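Trainee: Using only what follows, build the 3D model:
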Amino acid sequence: MFITLNNTKQHLNIDESYRADDDYILSLIQNAEDAVAKRLNVKHLSQLVNPNTGGLPDSVLQSILLLVGNWYQNREPIAIGNAVKIPYTLDFIFDLNKNYNSPF
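Mentor: Residues are numbered from 1 along each chain as shown. Below is the predicted model:
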């Protein structure tokens with residue numbers, strides 16, 4: 001995994017001493033990393049690792065955190081009220097990093 005549990009808890013504003021949801025959050029991280037890789041049209045996120053820094057682009061890390069945050073907060077596929085898509089979030093980040101040359 002490229003995102004740590006502690007980084008994710010900071011993103012979710014969860015105290016690191018709270019452990020009841022740790023396994024659930026870890027599963028969300030794994031699923032988000034898989035989803036981001038597929039959306040960016042790469043087999044695995046390791047293909048995006050910068051050889052100079054050894055890490056993923058910050059925008060890819062942010063997209064994983066955005067997905068985890070959304071899935072953690074909204075555990076059902078429906079919402080009550082008016083839903084509005086927020087610009088410059090996931091779709092914007094995905095477009096910055098998508099591999100358009102791969103047939104994957």
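
Trainee: list the contacts for V49?
Mentor: By Cβ atoms under 8 Å, 6 or more residues apart in numbering, the contact list for V49 reads G55, L56. (Each C-beta comes from the backbone N, C-alpha and C, glycine too.)

Trainee: pLDDT score for it?
Mentor: Confidence at V49, expressed as pLDDT, is 95.

Trainee: any idea how far it is from N74?
Mentor: 30 Å (Cβ to Cβ, to the nearest Å).

Trainee: Please identify the buried residues of stretch 77-89?
Mentor: By 16 or more other Cβ atoms under 10 Å, stretch 77-89 has no buried positions at all.

Trainee: Give me the distance between the two termini of that stretch.
Mentor: Across stretch 77-89, the terminal residues are separated by 19 Å (Cα to Cα, to the nearest Å).

Trainee: which residues sit against that stretch?
Mentor: With Cβ under 8 Å, 6+ apart, stretch 77-89 has contacts from L66.
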